[in-house]
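Q: Okay, predicted coordinates and the sequence, questions at the end:
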Amino acid sequence: MADSMKGLKRTHYCGEVTEAGQEVVVGGFVDRIRDKGGVIFIVLRDRTGLVQLMFNDKSDPAVFEKASTCKAEYVLMAKGQVIERESKNENMKTGNVEIFVSDLRILSKAQTPPFEIVSDTKVNEELRLKYRYLDLRREPLQRNIIMRHEIAKVTREYFYENGFLEIETPMMMKSTPEGARDYLVPSRVHPGSFYALPQSPQIYKQLLMIAGFDRYIQLARCFRDEDLRADRQPEFTQIDLEMSFVDAEDIQECVEGFIQRVFKEVIGVDVQLPLKRLTFADAMNLYGSDKPDTRFGFEIQDITDTVKDIDFVVFKNAIGEGGSVRAINVKNGAATYTRKEIDKLVEHAKGIGAKGLAYIRWADEPNCSFKKFLGEGDLDRILSAVDAHEGDLVLICADKTKTVLSTLGALRLICAKRLDIIPEDVYNFLWITEMPFFEYDDENGTWVAAHHPFTMPMEECIDYLDTDPANVRAKAWDLVLNGTELSSGSMRITDFELQQRMFEALGMSDEEIQAKFGFLVDAYRYAAPPHGGMGIGIDRLAMIMCGADSLRDVTAFPKVQNASELMSECPSPVDKANLDVLGIQVVAPAEEE
């Protein structure tokens, strides 16, 4: 039978025991044990760190005997005098002291765990996720979860100090189009009708502005039924905010202050303000991405004019069809990228959609993959255009400009990682501004909204809404950090007539508008202050600040690639009685031919 805590009250966390000469009571899990015969050392672990318990021939015999029965992961409480260690441990915060235990309680015994609870584990992630509660005992994950808590704490303090009100919005709401599939909740009271879990509190926070709550903040839980990846989970938390009587610069300045504060207070990093800005068009042309990693070079360079007279059919066809020829100079890449390695890059380019990839590898002398098509001076002009020198590798793509940019954007990241030149502990923030208002859907041959339909177009672009959608830019922006999109924001349409034009530009009928957004459209009839806002992904922010590789490392109980949770084995079937109450019948999926 387990011991009782009666008579003992914890006075210190393990990681706080640093001074000799005091009596303390600590509690935690057994991290490791060393039995030296007449001396037993037990290292106790809690969320703050480790402390060593010591038992010897001067110990109470009953206490010593109890210590000898302890095993890894037992839960103990120990009372004793803090003394100096004879053998110091510089790797432990408490490594100069230990506790000579006078009272030991075994509160709970543990079976042998399925894997050892150590910081640097080689155990496969699937097993660790199945026993997530054990995996979470490991110091790296505890540190990450605690840091995430610190980020949330600083977030609330900062926005409270800046006049924001924390207001909760519904978790069950009307299903409205927001870019991903909704998670639906069937209604028992209204058979055949469904709530949706919020992809974001977008509509509600705009309604709060109409209601007069001019500064709103919420650490909002959001849900999106979409394919997962390392930086995406089906449920996530965003720092959701909305502000009235402001313009885009006011919102960005407020968020910059938050970024500076949270990085300084949580990880001691000074972020210089104002943050750099880049238009969407410039980001695509320079980096081939709307969320560029700017910690290294390899910018994309347009060499169309340089090569337009070269009699190389690949270049000529691309230029003739309205495309372009662009290149990246992988500095000092020639030694690493042998012909075999370059072939892998060619295959990767084809996988993205490019027809191929040309190159100039300058080892001892420039080796050009299209040398036979070059005239006198052509090679020198290309090398000069991209500032290439001995030791460099020039990668050239010729195709539709959209394909060229996405291809070279991906290759610059691959090459930088392969050459190991991306600096750690560098935080390059970037505002991406003047986002396109519409996106062209190649499959359906139509223009679709690139953002939610309440996004304000830039004033000078309003006249193009009906006539030239490709040239309409939005009062929308993203905040990017080291190639990861942290946040999206925009100013909102508050003019009722402009909102109607926006819906019409998207091809929505009056009936469809009323069915999907009627309550918000009606609200705007009663006047609304100018307003805008953002949603900052706290999961992604924590992932980068912790130096983690995946959102799973900063989420207590994450889902895996197929959106299941291995520990609780959800999602799972429910019994027929529960489905009958909801009027739901499960139909087997059709077999694929």
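A: Happy to help now that I have it.
Q: Near Tyr133, how many other residues are there?
A: 9 (other C-beta atoms under 10 Å). The way it works is simple: take the backbone N, C-alpha and C, and place the C-beta from them, glycine included.
Q: Mind listing residues that contact whichever strand or helix holds it?
A: In this structure, Tyr133 sits in helix 132-135 according to DSSP states H and E. Helix 132-135 is contacted from outside by Glu73, Pro113, Pro114, Phe115, Ile117, Arg128, Leu129, Leu141, Ala556, Phe557, Leu566, Met567, using C-beta atoms under 8 Å, 6 or more residues apart in numbering.
Q: separation between Arg361 and Val314?
A: Going from Arg361 to Val314 by C-beta to C-beta, to the nearest Å gives 18 Å.
Q: still on that earlier bit, list only buried entries from the contacts of helix 132-135.
A: Glu73, Phe115, Ile117, Arg128, Leu129, Leu141, Leu566, Met567 (16 or more other C-beta atoms under 10 Å).
Q: just curious, which of those is nearest to Val30?
A: Lowest distance from Val30 to the buried ones among the contacts of helix 132-135 (C-beta to C-beta) belongs to Glu73, with 6.0 Å.
Q: quick one: pLDDT of the closest one?
A: With respect to pLDDT, Glu73 scores 98.
Q: wait, which of the contacts of helix 132-135 is closest to Gly27?
A: Nearest to Gly27 among the contacts of helix 132-135, with distances taken as C-beta to C-beta, is Glu73, at 13.6 Å.
Q: Which of the three states applies to Ser119?
A: Assigned with DSSP: H, G, I helix; E, B strand; the rest coil, Ser119 falls in the coil class.
Q: How about the contacts made by it?
A: Contacts of Ser119 (C-beta under 8 Å, 6+ apart): Arg138, Glu139, Pro140.
Q: And for Val269?
A: Contacts of Val269 (C-beta under 8 Å, 6+ apart): Phe263, Asp425, Tyr427.
Q: now Pro292, nearest residue through space, not along the chain?
A: Ranked by C-beta to C-beta, 6 or more residues apart in numbering and with sequence neighbours excluded, the top spatial neighbour of Pro292 is Ala283, at 5.4 Å.
Q: what does Gln514 give?
A: That would be Val521: by C-beta to C-beta, 6+ apart, it lies 7.4 Å from Gln514.
Q: Would you confirm that that neighbour contacts Leu498?
A: No. Contact between Val521 and Leu498 fails when scored by C-beta atoms under 8 Å: they sit 11.8 Å apart.
Q: what touches both of these two?
A: With C-beta under 8 Å, 6+ apart, Val521 and Leu498 have no common neighbours.
Q: any low-confidence regions in this structure?
A: 177-179, 591-593 (pLDDT under 70).
Q: which element is the closest residue to Val63 other than its chain neighbours on?
A: Excluding the flanking residues, the one nearest Val63 by C-beta to C-beta, 6+ apart is Leu104, at 5.0 Å. Using DSSP H and E, Leu104 falls within strand 97-108.
Q: so Ala349 makes contact with Arg412?
A: No. Ala349 is beyond contact range of Arg412, at 11.9 Å (criterion: C-beta under 8 Å).
Q: Give me the helices and strands touching the strand holding Leu104, please.
A: If you count contacts as 3 or more C-beta pairs under 8 Å, 6 or more residues apart in numbering; DSSP states H and E, strand 97-108 packs onto strand 23-35, strand 49-55, helix 61-68, strand 75-84.
Q: Of those, which stretch is the most buried?
A: strand 49-55 (a mean of 24; mean count of other C-beta atoms under 10 Å).
Q: which residues sit against it?
A: 13-15, 17, 26, 31, 39-44, 63-64, 67, 76, 78, 80, 83, 85, 89, 92-94, 97-101, 104.
Q: one more time with 7 Å
A: 14-15, 17, 26, 31, 39-44, 63-64, 67, 78, 92-94, 98-101 (C-beta atoms under 7 Å, 6 or more residues apart in numbering).
Q: Same question for stretch 466-480.
A: Against stretch 466-480 from outside (C-beta under 7 Å, 6+ apart): 248, 252, 255, 290-292, 429-438, 447, 450-451, 455-458, 461, 464-465, 485-491, 505.
Q: In which helix or strand does Gln499 reside?
A: Secondary structure (DSSP H and E) places Gln499 in helix 496-505.
Q: on contacts alone, who are the packing partners of that helix?
A: helix 510-524 (3 or more C-beta pairs under 7 Å, 6 or more residues apart in numbering; DSSP states H and E).
Q: what's downstream of the helix it packs on, the next helix or strand?
A: strand 531-537.
Q: The longest helix anywhere in the chain to strand 49-55, inter-axis angle?
A: Identified as the longest helix of the chain according to DSSP state H is helix 139-161. With axes from the mean of the first three to the mean of the last three C-alpha atoms, to 10 degrees applied, the angle from helix 139-161 to strand 49-55 works out at 130 degrees.
Q: for helix 139-161, packing partners?
A: strand 215-223, helix 248-267, helix 538-546.
Q: May I see the ones you listed arranged in a markdown table, with mean neighbour count as well?
A: Listed next are the helices and strands packed on helix 139-161 as a markdown table, based on neighbours: other C-beta atoms under 10 Å:
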| stretch | mean neighbour count |
| --- | --- |
| strand 215-223 | 21 |
| helix 248-267 | 17 |
| helix 538-546 | 22 |
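Q: want to throw the ones you listed into JSON lines with distance to Arg552?
A: Shown next, in JSON lines, are the helices and strands packed on helix 139-161 (distance: least, C-beta to C-beta, whole Å):
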{"stretch": "strand 215-223", "distance to Arg552": "17"}
{"stretch": "helix 248-267", "distance to Arg552": "20"}
{"stretch": "helix 538-546", "distance to Arg552": "9"}
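Q: got the residue ranges for the strands in the stretch 251-400 of the chain?
A: Under the criterion DSSP state E, counting those that start in this stretch, strands of the stretch 251-400 of the chain are mapped to 276-279, 300-302, 324-330, 358-362, 366-368, 393-399.
Q: any chance of these in TSV, with mean neighbour count too?
A: As requested, the strands of the stretch 251-400 of the chain are exported to TSV (neighbours: other C-beta under 10 Å):
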stretch	mean neighbour count
strand 276-279	15
strand 300-302	20
strand 324-330	25
strand 358-362	22
strand 366-368	17
strand 393-399	27
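Q: on that earlier part again, and the residue nearest to Val63, how far from Phe296?
A: Counting by C-beta to C-beta, the gap from Leu104 to Phe296 is 55 Å.
Q: who's more crowded, those two?
A: Between Leu104 and Phe296, counting by other C-beta under 10 Å, Leu104 is the more crowded of the two (24 against 18).
Q: hmm, back to that, got a ChimeraX select line for the buried ones in the contacts of strand 49-55?
A: Remark: buried members of the contacts of strand 49-55, expressed as a ChimeraX selection using 16+ other C-beta under 10 Å:
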select :14,15,17,26,31,40,41,42,43,44,63,64,67,78,92,93,94,98,99,100,101
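Q: tell me how far the helix holding Tyr133 is from the chain's mean position?
A: Here helix 132-135 shows a centroid-to-chain-centroid distance of 22 Å under the convention C-alpha atoms, centre = their mean, to the nearest Å.
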